[in-house]
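Q: Okay, here's the prediction I keep looking at, along with the sequence it came from:
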Amino acid sequence: MAREGGDPLAERRAQARIPTFAEAVELVYTEHKASWKNAKHAAQWINTLKQYAFPELGLRRVDQIDTPDVLRALGRSG
């Protein structure tokens, strides 16, 4: 591809599947929940995101979320 003037890295990025916010949260939660000292805090972390951020951001791909989206999600908690 590079010999033909293409960009293999750009092509690979274009084909990569970008997760939704909800998928990314679940991945982070799964990777880190064992490191939290208190199971209650781990549950609160994910439940708070599900309650306040998922309605605004859950189905959006993470590369399509920008500052105004985050501010709207934060505004839901107040």
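A: Here it is on my side, so go on.
Q: which stretches of this protein have low pLDDT?
A: 1-3, 76-78 (pLDDT under 70).
Q: Helices along that one, start to end?
A: In the chain, the helices defined using DSSP state H lie at 8-15, 21-32, 39-48, 54-57, 67-75.
Q: Buried residues in the fourth one, which are they?
A: With burial defined by 16 or more other C-beta atoms under 10 Å, the residues of helix 54-57 counted as buried are Phe54, Glu56, Leu57. Using the backbone N, CA and C atoms, a C-beta is placed for each residue, glycine as well.
Q: how many other residues sit next to the spatially closest residue to the last one that is not a sequence neighbour?
A: Yep, that's Leu57 we're talking about. Nearest non-adjacent residue to Leu57, counting by C-beta to C-beta, 6 or more residues apart in numbering: Phe21, 4.1 Å away. Neighbourhood size, Phe21 [other C-beta atoms under 10 Å]: 21.
Q: surely Phe54 meets Ala24?
A: No. Phe54 sits out of contact with Ala24 when judged by C-beta atoms under 8 Å, with a separation of 11.4 Å.
Q: Contacts only, for the residue nearest to Leu57.
A: Neighbour list for Phe21: Ala53, Phe54, Leu57, Gly58, Leu59, Arg60, Arg61, Val62, Ile65 [criterion: C-beta atoms under 8 Å, 6 or more residues apart in numbering].
Q: Switch the residues you listed over to CSV; also include distance to Tyr29.
A: CSV is the format used below for these (distance: C-beta to C-beta, whole Å):
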residue, distance to Tyr29
Ala53, 12
Phe54, 12
Leu57, 15
Gly58, 13
Leu59, 17
Arg60, 18
Arg61, 18
Val62, 15
Ile65, 17
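Q: Now restrict the residues you listed to buried residues only.
A: Buried members of the contacts of Phe21, scored by 16+ other C-beta under 10 Å, are Ala53, Phe54, Leu57, Arg60, Ile65.
Q: JSON lines please, covering those residues and showing distance to Pro8.
A: Shown next, in JSON lines, are those (distance: C-beta to C-beta, whole Å):
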{"residue": "Ala53", "distance to Pro8": "35"}
{"residue": "Phe54", "distance to Pro8": "36"}
{"residue": "Leu57", "distance to Pro8": "32"}
{"residue": "Arg60", "distance to Pro8": "28"}
{"residue": "Ile65", "distance to Pro8": "27"}
